[in-house]
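[1] Test case, fold it:
(2 chains)
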Amino acid sequence: MLFNSLEYCIFLPIVVLVYWLLPKVLKVPFLVIASYFFYMSWMKVYGLLLFGLTAINYAFGLIIANLKKNEFKRLALIIGITLNIGCLAIFKYTNFILDSIKESILYLSQILHIAVPINFTSDFICGSLPIVLPLGISFFVFEFIHYLTDIRAGQAPIRNPLRFSLFASFFPSQIAGPIKRYEDFDGQVGKQTKFNKQMCTQGIVLITQGMFKKVALGDNLAPIVNAGYANPQLMGTADAWLCTIAFALQIYYDFSGYTDIGLGSAKLLGFNLPINFNMPYLATSLQDFWHRWHISLSTWLRDYLYIPLGGSKKGSFNTLRNLVITMLLGGLWHGASWHFMFWGAFHGIGLVLNRLLEQATSKIVVLNAFSKTWLWSTIGSRIFTFIIVLMSWVLFRADNMHDAMTVYQSMFFYEPSHGLESSIADLFLHSVLPTAFLIYSMTYFSHWLISNKLPQLNLKWLNPPLPARILILAGIYLLIIGLAPPVCVPFIYFQF
Amino acid sequence: MTLKTNTIENHKTKGQLSDAIVHRELQNQKQPIFLRFLHISLWTIASIILVVLLLELSFDLANVGEEDFLKVDPIFGFTHLNDKFVTFRTEGYSQSQINNNEFRDNLYTLAKAKNTYRIVVLGDSKVAGFEVPRENTFSKILERSLNEKYSQKHFEVMNCGMSGYSTGQEYLLFTQKLLKYKPDMAILAYNFADSDENIPAMKALPRPYFSLDKNNALTIDWHFVDELLNSRQAKYYANFDWLHRNSHILGMWYKTALNVSNNKTYKIIVSLFDKPFNYLQSKVFSHYANPNFDLSFRSEIQSLQIPVANIAQKEENKIPTITNLSEGNLWANEFYSYCQARKYQEKVTAEILKQFNAQCSAHHCPLVVLGLPAPNNSIFYFHELKGISKLAQDYNFKFIDLNKYFPSLAPMEKSPYYILVHFSSAGHALVAKTIMNQLFSQTQFK
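    Now for the predicted structure:
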């Protein structure tokens, strides 16, 4: 069930209505059932996987908490984490590992001139296994690892199995995050017993905003990106830049749109989920970018990978090494292929250079003065960071390393367009995007007007009553439906 | 982008307002009922007007809601909406005007100039070609190529493609409308869904359906068209013609309903609201259907399967079995009855083509049937084309199987000749080139 599907439009209001009508004691069991229904609507059998992982982690949580000796706690933690990672590896990385072995053998056989049997590539062991990646597995495995690690560190476990199931399966954050922290989430369970009008309004606004971002902006950018990246060899220099900028916008609107809908849905149920984005393309450095982009993942990587590796406390070389390892594994987490690994490595090395540059800036007077000039600190640094991030998106979007290299070549060495079916500019102008962007920017203006100017004018009659609000909301949804492309585009982060 | 609600409770908890202001707000809330009613009513009316105006403006700016271009017709079931400006985005992109005669083409006069050779091209959406600019459709490319090649003669190639038409509807269109234009040649583009659409058994869309009576004579059934004419939708079209033509909101609404019409959840909701008993009946009783089997046709189909299986094996490393043919996953029983229906609809289609050819011969307008390309595993369709090819020999009309000239690239969406399932500009150009080579390479015009 996609957030932008008709099914979800029916599912969510029913769940919200029933949830608030039920007595307090039934609220949590109902949400667990609803979350499993949501998850199993995609593939029933993987409901068992979610259930199995939940049961194992619940048990390990209690075991770690109850064990007295530190060594045993540590051992239980290692087993628990290994089980989680093992599960993720089986579903996500088996084919990647098999393919890599196959490629290596073929490559070696060419170098060493050894004949490989003709049917080698179609052999069961070296071919791709028909494994379907369970939705959201990367996200809830990370949540489980965080849970076990925090209990090992002395936090209290969730003793109520239903509450733990809800933490594991909560549908607004189930498929693509944000990656929750259990202390924060469990603390909210049972707190909000009465329907909160203000949270409901916030939730509806967030869902509407997310829908607009995803459907009207992200999905309409998809054909432009696909036109170029499906045929990288046909892209000229301008096409390569425009397509990559389009992808940078698409992935932001797609993912932050998803997160907004998730956050909004949670608010309707009285839960606050952690935020994931804070205007990432306005970052002034790569480090700043990771404080603004997919915040729940970057903080997870910091807390459960970077710091356990030693963080920045074991000398500057180790700090830089830890940064690269963290980002490399962060890249691999996104997907089992080399271009994601290189994407991670790109960011790791980028962050290392970022740190070295910062250190140099603090020591060299000229650089220090330059970094503090108005032009650099407000505009230059943001544009520079955006271009660096744009470079990394090429690796992320391309289907493989060869395609990525072709795009880089087109970007940096002038190439005329080799005849895409329609030019990128035409695709943009023929789409609804110019109008959608106009409306999006006007919403920001009107929001500013409503929140800053109207209260001062004290025009009470301008505060619309409920029927008018419902009509306006219906109008906005009609607008979103109208601006939607004919084909429903799945969320990019559903594949991770 | 969060809305700030000015409830007293919030102010209290935030401690932003003094007690005096809270008291004043409480006083204000005690407005007379009449004033409150007036306030709500005015706001509601203003909201409706505002929302409608802003939506129309936004959709007009984005050219949204301009794809609803069909209207009800008592003879053909439905036709294009005349004089309608269409921005098409479902597949590909184009902006064009449908002419006063309901075709996506220039307006041609009934009278034909002396030196003019007129060709009418009939077919469905693949001929209308809304996916590409009007000038890139194969009819228009053919017109340009002919005028270039034979400068002493003036050629008019009329694009009479109507989205969603069956062969039967195209036959009616030809006899009822196009013969008046005194065409010198009729090109009929035959598509792989056409024979399904000729008989009512497969899809009960509102169009005239054809069947054979006891003497194997063709009969037309307008039952579904009459139902449509009496439907709410038709009455709306009749009463609110202006809105139908001009409202972007309504255009968007109908287009969206069409887009989601295959969605399972949407179907259930609509069925339950519209005809709950029919829906439940179809769910409960469909399992007890027991068709009479006609196995002879099945063996014919199976004999065809061998070459197709070879192609598929090479290209996708998959061997199609009897249950995973392109026609959908059919259970064995359904497959037998499906074969029986196909045999019948092939007979009906053949009869329509015979009648079509007879009309063409009577009006000195040679008929050319184009077998449009289809995916590699359209096993039943290839069987039909084989039949039409034989029919063409027996009844002396020209048949061009375009499958031979289109590189067999599966899946279609990866081929440069298609956008999704319709022709891209390159696909239209290839069709036009093939027609030129097959029909006009040797022809001399005086």
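
[2] Domains in chain B, by residue range?
    Domain segmentation of chain B under automatic domain parsing yields B:11-62, B:90-215+B:326-440.

[3] distance between the ends of the longest one?
    Counting by C-alpha to C-alpha, to the nearest Å, the length from the leading to the trailing residue of domain B:90-215+B:326-440 is 34 Å.

[4] And the pLDDT at residue A:67?
    If you check residue A:67, the pLDDT there is 86.

[5] Who are the contact partners of it?
    Residue A:67 sits next to A:73, A:76 when contact means C-beta atoms under 8 Å, 6 or more residues apart in numbering or on different chains. The C-beta positions use only the backbone N, C-alpha and C, and glycine is treated the same way.

[6] separation between residue B:381 and chain A?
    Separation of residue B:381 from chain A (C-beta to the nearest C-beta, to the nearest Å): 25 Å.

[7] Setting the sequence-adjacent residues aside, check what's closest to that residue.
    Take residue B:381 and drop its neighbours on the chain: the residue closest to it by C-beta to C-beta, 6 or more residues apart in numbering or on different chains is residue B:192, 4.0 Å away.

[8] domain assignment for chain A?
    With domains defined by automatic domain parsing, chain A comprises A:6-191, A:201-425.

[9] now the longest one, how far from the centre of its chain.
    It stands for domain A:201-425. 11 Å (C-alpha atoms, centre = their mean, to the nearest Å).

[10] With the first one instead?
    Between the centre of domain A:6-191 and the centre of its chain there are 16 Å (C-alpha atoms, centre = their mean).

[11] circling back to that earlier point, count of residues packed around the residue nearest to residue B:381?
    Residue B:192: 21 surrounding residues under other C-beta atoms under 10 Å in any protein chain shown.

[12] Repeat that for residue A:25.
    So residue A:25, with other C-beta under 10 Å, has 8 neighbours.

[13] Now it: which helix or strand?
    Assessed by DSSP states H and E, residue A:25 sits inside helix A:24-40.

[14] same thing with residue B:106?
    When elements are assigned from DSSP H and E, residue B:106 belongs to no helix and no strand.

[15] show me the contacts for it.
    Residues in contact with residue B:106 (C-beta under 8 Å, 6+ apart) are residue B:99.

[16] Please report the distance of it from residue A:383.
    Separation of residue B:106 from residue A:383 (C-beta to C-beta, to the nearest Å): 50 Å.

[17] Residue B:396: neighbour count?
    11.

[18] how close does the residue nearest to it when sequence neighbours are not counted get to chain A?
    Nearest non-adjacent residue to residue B:396, counting by C-beta to C-beta, 6+ apart: residue B:357, 7.8 Å away. Here the criterion is C-beta to the nearest C-beta. By it, residue B:357 lies 38 Å from chain A.

[19] and residue B:357, what does it touch?
    Applying C-beta under 8 Å, 6+ apart, the residues contacting residue B:357 are B:367, B:395-397.

[20] of those residues, buried ones?
    Among the contacts of residue B:357, the ones that count as buried by 16 or more other C-beta atoms under 10 Å in any protein chain shown are B:367, B:397.

[21] quick revisit: check the domains of chain A for me and report the most buried one.
    For the domains of chain A, average neighbour numbers computed from mean count of other C-beta atoms under 10 Å in any protein chain shown are highest in domain A:201-425, which has a mean of 19.

[22] For the residue in the stretch 251-400 of chain B that chain A sits nearest to, give me the pLDDT.
    Chain A sits closest to residue B:252 of the stretch 251-400 of chain B, with a gap of 4.4 Å, by C-beta to the nearest C-beta. Looking at residue B:252, its pLDDT reads 89.

[23] Measure how buried it is and give me the count.
    Per other C-beta under 10 Å, the neighbour tally for residue B:252 reads 24.

[24] host element of it?
    helix B:248-259.

[25] residue contacts, the nearest residue to residue B:60 once chain neighbours are set aside?
    Nearest non-adjacent residue to residue B:60, counting by C-beta to C-beta, 6+ apart: residue B:248, 5.7 Å away. By C-beta under 8 Å, 6+ apart, the contact set of residue B:248 is A:482, B:55-56, B:59-60, B:64-66.

[26] Equivalent analysis for residue B:166, please.
    B:124, B:194, B:197-198, B:207.

[27] Ok, residue B:247 next?
    Neighbours of residue B:247 in contact, by C-beta under 8 Å, 6+ apart: B:56, B:65.

[28] Up against chain B, what does the stretch 151-300 of chain A have?
    Applying C-beta under 8 Å from any C-beta of the partner chain, we find that the stretch 151-300 of chain A lies next to chain B at A:197-198, A:201-202, A:205-206, A:209.

[29] Filter those residues down to just the ones in helices.
    Those of these mapping onto helices are A:197-198, A:201-202, A:205-206, A:209, per DSSP state H.

[30] In the chain, what helix or strand scores lowest on average pLDDT?
    Chain wasn't specified; assuming chain A. Within chain A, no helix or strand scores below helix A:454-457, which has a mean of 68 by mean pLDDT, DSSP states H and E.

[31] nope, chain B please
    Least confident helix or strand of chain B, by mean pLDDT, DSSP H and E, is helix B:295-316 with a mean of 38.

[32] Show me what the mean pLDDT comes to for whichever helix or strand comes after that helix.
    Using DSSP H and E, the helix or strand that follows helix B:295-316 in sequence is helix B:332-362. Predicted confidence along helix B:332-362 averages 80 (mean pLDDT).

[33] what helices or strands is the helix or strand following helix B:332-362 leaning on?
    Later in the chain than helix B:332-362, the nearest helix or strand by DSSP H and E is strand B:367-371. The contact analysis (3 or more C-beta pairs under 8 Å, 6 or more residues apart in numbering or on different chains; DSSP states H and E) places strand B:367-371 against strand B:185-190, helix B:332-362, helix B:379-395, strand B:398-401, helix B:425-440.
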